[in-house]
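Enquirer: This is the structure alone, sequence omitted:
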Ligand code: PMP
């Protein structure tokens, strides 16, 4: 009865904060359309989900086809063949030692699963994450998420056994990548001396590019050193590729840039082009230590329909050369942004890989500038270009268009951004 007095959107929980109140009714490629057929250029990709673009016809067709055959098969009862097919596809694409797969629905669920696996596989209880990390919003994942206090606000205390080490974000420290790497390795060693002994540590979990925390790539040397430390102490190295995976950075997985061998890969977002599916991939040795029946869930198994979407997504990524396109368009985007940086010193840093690019806004005194970030974001929004901010100080704009984006579309977005920046002078 009370609903009569409420507007449509007041029916939704206030816990969601929206970038905009646009209600898209149609998506196509890099565009979203509302009921009045206004067209919005989506450089958020639903936060890195629709790497193949909105409603890619091949993905849609696969979903339609699967829905006529089998919507659902409970992995705890039967084995849906489409999910097996997805595991087969991933097996051909992941590094050779990675050959066992577990599926779930969201990135947070995959994070939870990887911690449970790491605990059983090593018999140890602690995990190490990095300052600025984001691994999800369930309680354990929240305990592992340190990018913004709002994610933890009034939810604490959170599950224990999580230790936080500094991330080599060289720009923040004003150091070179090597200096930041050395400092963070030393801090990690102090963590081992003072908080969690290596032999109590099950896993080190890292995003190869800090996503929500500010689009900061981890230096290759840092990732390589983590690999050495993990090898030395029997700790599992987990790469969270939820935001950086599936072609986004110009490689299928971002860790390929640094040529490190993960023990567990966490994946979600770009895997399903919008259908809820996530997964963890690991070695036969590690997965074989995960005791049967100790993890799962009704939908934890990659539903037949989401698996079909994921299979089609992977096909599209390769058939349409989206990984190469991400590299080329990312380079073009960076170059365009760098030209603007020369004109606008408030753009303190431009960083990223492929089409996972961040522009950090910094005041003349070197302090973060969230106000300018927000104004520029709103000015772009007025021109119907959707961008998101990120970073602990909300002073980084992220550029994550679908990987089908064309050269002209990148130029158009840069023009809108340039116009927004010109208002700042
Ligand atoms: N890991 C990373 C790196 C992420 O960026 C996110 C989501 N932003 C997650 C995990 C959690 O994924 P989900 O929102 O699907 O739970």
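Expert: Okay, I see it. Just so it is clear, the structure is predicted and the values come from calculations on it, not from any experiment.
Enquirer: how far away is residue 261 from the ligand?
Expert: In this view, residue 261 and the ligand are 19 Å apart by C-beta to the nearest ligand atom, to the nearest Å. Glycine gets a C-beta too; all of them are placed from N, C-alpha and C.
Enquirer: Can you check the pLDDT for that residue?
Expert: Note for residue 261: predicted pLDDT of 98.
Enquirer: what do you get for residue 300?
Expert: If you check residue 300, the pLDDT there is 79.
Enquirer: Check residue 72 too.
Expert: So residue 72 comes in at 86 (pLDDT).
Enquirer: Am I right that it is in contact with residue 304?
Expert: Yes - contact criterion C-beta atoms under 8 Å: residue 72 and residue 304 qualify, at 6.0 Å.
Enquirer: And these two? Which one has more around it.
Expert: Per other C-beta atoms under 10 Å, whichever of residue 72 and residue 304 has more neighbours is residue 304, with 20 against 14.
Enquirer: ok, the more buried one - contacts?
Expert: Residue 304 makes contacts with 66, 69, 70, 71, 72, 73, 80, 81, 82, 83, as judged by C-beta atoms under 8 Å, 6 or more residues apart in numbering.
Enquirer: Quote the end-to-end distance of stretch 265-279.
Expert: Start-to-end span of stretch 265-279 (C-alpha to C-alpha, to the nearest Å) is 8 Å.
Enquirer: Distance-wise, check the nearest residue to residue 325 once chain neighbours are set aside relative to residue 207.
Expert: Spatially, and ignoring its direct neighbours in sequence, residue 325 is nearest to residue 403 (5.7 Å; C-beta to C-beta, 6 or more residues apart in numbering). Remark: distance between residue 403 and residue 207 (C-beta to C-beta, to the nearest Å) = 19 Å.
Enquirer: confidence score at residue 2?
Expert: 54.
Enquirer: Assign a three-state SS to the spatially most central residue of the chain, would you?
Expert: Residue closest to the average C-alpha location in the chain (C-alpha atoms, centre = their mean): residue 243, at 1.4 Å. The three-state assignment at residue 243 reads coil, by DSSP: H, G, I helix; E, B strand; the rest coil.
Enquirer: now do the one 3 residues further on
Expert: At residue 246, secondary structure determined by three-state DSSP is coil.
Enquirer: The residue of the stretch 51-200 of the chain found nearest the ligand: what's it in contact with?
Expert: Closest to the ligand within the stretch 51-200 of the chain is residue 107: 2.1 Å, counting by C-beta to the nearest ligand atom. Each residue near residue 107 by C-beta under 8 Å, 6+ apart is listed here: 135, 136, 141, 240, 242, 266, 268, 269, 278.
Enquirer: which element is the first one on?
Expert: To tie it back to what came earlier, the one meant is residue 135. Counting by DSSP states H and E, residue 135 is held by no secondary-structure element, helix or strand.
Enquirer: Span of stretch 357-374 from start to end?
Expert: 17 Å.
Enquirer: and the two most separated of the contacts of residue 107?
Expert: Put simply, by C-beta to C-beta the two of these set farthest apart are 141 and 269, 14.3 Å from each other.
Enquirer: Just to check, residue 217 is in contact with residue 206?
Expert: No - between residue 217 and residue 206 there is no contact under C-beta under 8 Å: 11.3 Å.
Enquirer: Up against the ligand, what does the stretch 1-150 of the chain have?
Expert: 47, 106, 107, 108, 111, 134, 135, 136 (C-beta under 6 Å from any ligand atom).
Enquirer: Let me know the pLDDT of the second one.
Expert: By that I understand residue 106. For residue 106, pLDDT reads 97.
Enquirer: mind checking how far it is from residue 141?
Expert: From residue 106 to residue 141 the distance is 9 Å (C-beta to C-beta).
Enquirer: For the two, indicate the residue with more neighbours.
Expert: Counted by other C-beta under 10 Å, residue 106 and residue 141 do not tie: residue 141 has more neighbours, with 26 against 19.
Enquirer: helices or strands up against the host helix or strand of residue 389?
Expert: Here residue 389 sits within strand 388-390, counting by DSSP H and E. Strand 388-390 sits against helix 370-382, strand 396-399, with contacts defined as 3 or more C-beta pairs under 8 Å, 6 or more residues apart in numbering; DSSP states H and E.
Enquirer: Who does the one residue in the stretch 301-425 of the chain that gets nearest to the ligand form a beta bridge with?
Expert: Using C-beta to the nearest ligand atom, the single residue of the stretch 301-425 of the chain nearest to the ligand is residue 390, 9.3 Å away. Beta-bridge partners for residue 390, by DSSP bridges, are residue 396.
Enquirer: List the contacts of it.
Expert: Applying C-beta under 8 Å, 6+ apart, the residues near residue 390 are 147, 211, 212, 213, 214, 215, 358, 396, 398.
Enquirer: what's the answer for residue 197, then?
Expert: So residue 197 contacts nothing (C-beta under 8 Å, 6+ apart).
Enquirer: now swap in residue 128 and tell me
Expert: By C-beta under 8 Å, 6+ apart, the neighbours of residue 128 are 162, 163, 164, 165, 188, 191, 196, 201, 203, 204, 205.
Enquirer: can we see that at 10 Å?
Expert: 144, 162-165, 188, 191-192, 195-196, 198, 201-206, 226, 229, 235, 238 (C-beta atoms under 10 Å, 6 or more residues apart in numbering).
Enquirer: Can you tell me which of the residues you listed end up in strands?
Expert: Taking DSSP state E as the definition of strands, the contacts of residue 128 contribute 162, 163, 164, 165, 201, 202, 203, 204, 205, 206, 238.
Enquirer: Can you get me a residue count around the second one?
Expert: In other words, residue 163. So residue 163, with other C-beta under 10 Å, has 19 neighbours.
Enquirer: ok, what's across the strand from it?
Expert: Judged by DSSP bridges, the bridge partners of residue 163 are residue 128.
Enquirer: re earlier: quick check: closest non-adjacent residue to the residue nearest to the centre of the chain.
Expert: Leaving out its chain neighbours, the residue that sits closest to residue 243 by C-beta to C-beta, 6+ apart is residue 211, at 3.9 Å.
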